[in-house]
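Colleague: Sequence below, structure please.
(chains A and B, ligands or ions: 2)
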Amino acid sequence: MTAPAGIALSGLSKTFHGRGKRVEALRDVSLTCPPGSFTALIGPSGCGKSTVLRTSLGLEPLDAGRVEICGQSPAQATAAGVTGVAFQDAGLLPWRSVARNIALPLEVLGREVGPAKHRIRDLIALVGLSGYEDALPGELSGGMRQRVAIARALVSEPRVLFLDEPFGALDQILRRQMNIELQRIWAETGVTTLLVTHGIDEAVFLADRVAVMQAAPGRIVEVIGIDLPRPRHAALFSAPHFHELCDRIAGVLHGG
Amino acid sequence: MGADLRRWLSPVLLLLLWEVVGRLDLVASGALPALSEILARLWWDRADYPAHVTATLAASGAGFVIGNVLAVLAGLVFVLSPVAERLSRGVNIAIFTLPPIAIAPILTLTLEGMTPRIVLAALGVYFVTMQATVTGLRQYDSRAADVVRAYGGGRAAVMRLVQLRGAVPAILSGFRVAAPNAVLGAILAEFGGGGRFGLGAYLLGSLGRGEPDRLWGIGLVATLVAGLSYAVFALISRRILGATLSLSLNPAAPPADRPVRRAALLGLGAVLLPFALWWFLLWAMQVPEMLGKTPWGVMEYLFVSDSAPVARERLLAALAETLPITLAGLAAGLAFAFGLAVAGRLMPGFTRAFLPVALVTQTMPLVALTPLLVLILGARDGSDLVDHHIGHLLSCLCDDRPGYRDGTACRTGIAACLRGWRMARVAAGHAARLCAVAVRCVAVDGPAGIAGGDDRGMAGNGAGPWKPAEPVAGVSGFRNDLDGGRGQRDGFGRALSRGAVDGAYRPATHGHGFAALTGCDGHCTARRGATGGPAPRPSCCAVSDSAHPADHDMMRPPSTLMVCPVI
Ligand SMILES: Nc1ncnc2c1ncn2[C@@H]1O[C@H](COP(=O)(O)OP(=O)(O)OP(=O)(O)O)[C@@H](O)[C@H]1O
Ligand SMILES: [Mg+2]
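Modeller: Ligands and ions are numbered 1, 2, ... in the order given. Presented below is the predicted three-dimensional model:
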């Protein structure tokens, strides 16, 4: 636990062999996220962003390469409760209430749920779902489910956070709101964060560095540093330098 | 109000039609009594029922619990270990395709007291629930499993937190379908074994009296018991499902293909295991050689021994007789079920009206139905066909009905696909079942011909395993009388045997062919001569022998009575 809570990905390669097809999802992907940093991963659909996340967590075996989280292997890090994760799909258990869904990581990690009751309530309030504690996922909208998943990612007080398009199903206003909340949580806890997103503005607003990926084979083509001062406020979305950075990233994305 | 009226209109009309038809004795000269007559008779007999119903419920309840516990555990093992599943596939298919009516006599002869009933009920339950459990455990949401794994959860954690609870609806629907099976199995064993109480025993004891209203009454009560057991689990699953099913599912990826050599090895194991189990059970239960043939004994009987050519010829002849009927019934059942499905799509009202009928055919034990069908439908092929029809209605329509109705649009689509697939599976099941019957038949019917004695066991209602076949024969006599007025009398001997075969063995849905397998001897000709009727088919002879008064002699060596009891 004394090891710095960073992420070190080196030379990740992964090819999927599905029914006669070969998809080279990752080729030699290397990325280092220093402890307490915020990194955004951006790229066209199908370029391998989710695969980076899944292999980092040990959910998908790698053909080559090494993953270190806090100096540990993914299996050790996840089992120790170092990591928190919200996937692209909420992946909620339909028979569990919102509160019990959020408690799931604690149960898997073998921690007591009772003492975390307050924390869970606070998290539900944080994602704007107060009053829905006992609702079942089937009774929520897509965006509400995604917010449950975000709360679930935070419940174990992780030191490393993986987020896969966590705000994809939210409207623009709520999305901005959640961006600001996420920045606050990140600043307060110092959690090392790797955020996969499709929103260039979101990436620039939140991240220290933006890694841009290209598809076929999936690879990181450029890592762009974001030198905007913190804390960042909503007003930043209309600042000229902000747009400069966005344009630059868009250029890299379009193969410029 | 108007819609309510319309909903009730067709069932009421149907009942009215039944009443009129029954009152006027329009069907088979009174074989179909009016509903009011049946109910009156039921009331008249009301003191008889509690003991019988209790006995049946006790046996089927115990079998239901035992079979389901084993099935759920087996399902769990199969999901955790695909190798175990591959290996057990042969055994599972054998259990699925074994006609209960075929093993009922063996069980009643080798086990004592309530055990055969419980075993048969458990066997009827096992496959349905096992399959449902496996399906339920496999159809978990891969995204939820990812979440568990992303926090270091292993297979046990995924099983505990995601799969088990997720499988509950599937397992419950398995219970729902299995419950009537348990009742059916218990009744079947009662029908085939001794014992005083149980609806099957009651049915058996009442067969000889030629009172269609009582037979119908027993059939209705059996249907009610089976239907209630279905309803209980339908209710429970509806309660539990609630809102929890309305999320879409991201199915887990199918497992990767195995290396060819290993797959071949596993396949071989799967084929061999049922035979090993067969051997083991015979050995463990100390079944006498005469009664239970080992796999090698069957091989010997069919290919090695002096009488092998004759045996093979009989088998083929029997197949030739059974197969066309089976196929025709299969086709008719499928066509009917398809027609219903399409009609249901186009006219929801029609489905609503037909649902009660479909439910009855689902839950009415075929054993109870068969004597009635025989009574109602003169033509033997006809009643064979109807049996198949009902079997298919049961599998194709009813199973899916509830899920089909309360599902979302997406699930409706899935249900439609499932239905098509299930039909194919049922069809495959029938084909396999046919082969299984052949094998079992030969297994039991040795050169020693012990089977004939068994026939008496099936048909009689006495105390010991060797009993006269008189009651069943009585029914056929009765039927013959009914038919007589319409000029369909086809010789006493034939009718007698027809009744015996139909009544006792038809429920398995493949009637005569395999009865013929056991062949006939000289007695058959003698009887034909005596009655002067048209030459009975081989399938009839054997039973007509056993129905002959002379055969009531308990000491008679069974070798002259060669009716295979395992149809
Ligand atoms: N289990 C799998 N089997 C086969 N191919 C896969 C599998 N998972 C991902 N792929 C392939 O790998 C590639 C990268 O997929 P990935 O999910 O990482 O994309 P992504 O960048 O997250 O896309 P999106 O932005 O749409 O979420 C895709 O081409 C996909 O088809
Ligand atoms: Mg993705």
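
Colleague: Three-state assignment for A:Glu68, please.
Modeller: At A:Glu68 the chain is in strand, as set by DSSP: H, G, I helix; E, B strand; the rest coil.

Colleague: Using the three-state scheme, assign the residue lying closest to it once chain neighbours are set aside.
Modeller: For A:Glu68, ignoring the flanking residues on the chain, the nearest one in space by C-beta to C-beta, 6 or more residues apart in numbering or on different chains is A:Ala8 at 4.3 Å. For every residue, glycine as well, the C-beta is placed using N, CA and C. Following three-state DSSP, the label given to A:Ala8 is strand.

Colleague: per-residue confidence averaged over stretch B:33-42?
Modeller: Confidence for stretch B:33-42, expressed as mean pLDDT, is 84.

Colleague: what's the answer for stretch B:176-191, then?
Modeller: Averaged over stretch B:176-191, pLDDT sits at 84.

Colleague: could you pull out the strands for chain A?
Modeller: Taking DSSP state E, the strands of chain A run over residues A:7-18, A:21-33, A:38-42, A:64-69, A:83-86, A:160-164, A:192-197, A:209-214, A:219-225.

Colleague: okay, those strands, which one's buried deepest?
Modeller: strand A:83-86 (a mean of 28; mean count of other C-beta atoms under 10 Å in any protein chain shown).

Colleague: Show me what that one pairs with in its sheet, parallel or antiparallel.
Modeller: Its sheet considered, strand A:83-86 pairs with strand A:160-164 (parallel) by DSSP bridges.

Colleague: quick one, the partner strand and strand A:192-197 angle?
Modeller: 0 degrees (axes from the mean of the first three to the mean of the last three C-alpha atoms, to 10 degrees).

Colleague: ok, now which ones touch the closest residue to B:Leu203 other than its chain neighbours?
Modeller: Among residues not flanking B:Leu203 along the chain, B:Ile218 sits closest, at 5.0 Å (C-beta to C-beta, 6+ apart). By C-beta atoms under 8 Å, 6 or more residues apart in numbering or on different chains, B:Ile218 lies in contact with B:199, B:202-203, B:206, B:368.

Colleague: What is the nearest of those residues to B:Pro33?
Modeller: Distance to B:Pro33, by C-beta to C-beta, is smallest for B:Ser206 among these, at 13.8 Å.

Colleague: before we move on, back to that, secondary structure class for the residue nearest to B:Leu203?
Modeller: helix.

Colleague: State the distance from it to B:Leu42.
Modeller: 9 Å (C-beta to C-beta, to the nearest Å).

Colleague: now swap in B:Gly90 and tell me
Modeller: In this view, B:Gly90 and B:Leu42 are 45 Å apart by C-beta to C-beta.

Colleague: what's the pLDDT at residue 134?
Modeller: Went with chain A since none was named. For A:Asp134, the predicted pLDDT is 90.

Colleague: other chain: chain B
Modeller: 91.

Colleague: Report the contact partners of it.
Modeller: B:Val134 touches B:75, B:78-79, B:85, counting by C-beta under 8 Å, 6+ apart.

Colleague: Mind putting the strands of chain A into CSV with distance to ligand 2?
Modeller: CSV is the format used below for the strands of chain A (distance: least, C-beta to the ion, whole Å):
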stretch, distance to ligand 2
strand A:7-18, 14
strand A:21-33, 11
strand A:38-42, 10
strand A:64-69, 18
strand A:83-86, 12
strand A:160-164, 6
strand A:192-197, 6
strand A:209-214, 11
strand A:219-225, 15
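
Colleague: Now B:Leu24: phi and psi?
Modeller: When read as degrees, to the nearest 10, the backbone of B:Leu24 gives phi -90, psi 10.

Colleague: Repeat that for the one 10 residues further on.
Modeller: Here is the backbone geometry of B:Ala34 (degrees, to the nearest 10): phi -70, psi 150.

Colleague: any idea how far ligand 1 is from A:Arg232?
Modeller: 25 Å (C-beta to the nearest ligand atom, to the nearest Å).

Colleague: check contacts around that residue.
Modeller: Neighbours of A:Arg232 in contact, by C-beta under 8 Å, 6+ apart: A:183, A:205-206.

Colleague: now, which of these sits nearest chain B?
Modeller: Chain B lies nearest to A:Leu206 out of the contacts of A:Arg232, by C-beta to the nearest C-beta, at 21.6 Å.

Colleague: sorry, back to before: kindly reformat the contacts of B:Ile218 as CSV containing distance to A:Leu194, neighbour count and secondary structure.
Modeller: Output for those, formatted as CSV (distance: C-beta to C-beta, whole Å; neighbours: other C-beta atoms under 10 Å in any protein chain shown; DSSP: H, G, I helix; E, B strand; the rest coil):
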residue, distance to A:Leu194, neighbour count, secondary structure
B:Leu199, 67, 28, helix
B:Tyr202, 72, 29, helix
B:Leu203, 71, 26, helix
B:Ser206, 76, 20, helix
B:Ala368, 67, 25, helix
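
Colleague: Among those residues, show me the least confident.
Modeller: Within the contacts of B:Ile218, pLDDT is lowest for B:Ala368, at 58.

Colleague: how about the residue of the stretch 151-300 of chain B found nearest chain A, what does it touch?
Modeller: Nearest to chain A, among the residues of the stretch 151-300 of chain B, is B:Gly152, at 3.0 Å (C-beta to the nearest C-beta). Applying C-beta under 8 Å, 6+ apart to B:Gly152 gives the contacts A:75, A:78-81, A:108-109.

Colleague: 6 Å instead?
Modeller: Residues near B:Gly152 by C-beta atoms under 6 Å, 6 or more residues apart in numbering or on different chains: A:78-79.

Colleague: Before we go further, it is sitting in a helix, right?
Modeller: No. Under the criterion used here (three-state DSSP), B:Gly152 is coil, not part of a helix.

Colleague: how close does it get to A:Ser156?
Modeller: As for B:Gly152, its distance to A:Ser156 is 11 Å (criterion: C-beta to C-beta).

Colleague: Contacts only, for B:Ala84.
Modeller: Residues counted as contacts of B:Ala84 (C-beta under 6 Å, 6+ apart) are B:77-78.

Colleague: Ramachandran angles for it?
Modeller: phi -60, psi -40.

Colleague: And the pLDDT at it?
Modeller: The model reports B:Ala84 with a pLDDT of 87.

Colleague: Please parse chain A into its domains.
Modeller: Per the record, chain A has its domains at A:7-82+A:159-253, A:92-157, by automatic domain parsing.

Colleague: okay, those in TSV with distance to B:Glu300 next?
Modeller: TSV is the format used below for the domains of chain A (distance: least, C-beta to C-beta, whole Å):
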stretch	distance to B:Glu300
domain A:7-82+A:159-253	47
domain A:92-157	56
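
Colleague: Out of those domains, which gets nearest to B:Leu14?
Modeller: domain A:92-157 (38.4 Å).

Colleague: quick check, the closest one touching ligand 1?
Modeller: No. Judged by C-beta under 6 Å from any ligand atom, domain A:92-157 stays clear of ligand 1, getting no closer than 13.8 Å.

Colleague: Any part of that domain near chain B?
Modeller: Yes. On the criterion C-beta under 6 Å from any C-beta of the partner chain, domain A:92-157 is in touch with chain B at A:93-95, A:105, A:108-109, A:136-138.

Colleague: Can you point out the buried residues in the host helix or strand of B:Ala121?
Modeller: Using DSSP states H and E, B:Ala121 sits within helix B:115-138. Neighbour counts over helix B:115-138 (16 or more other C-beta atoms under 10 Å in any protein chain shown) mark B:115-138 as buried.
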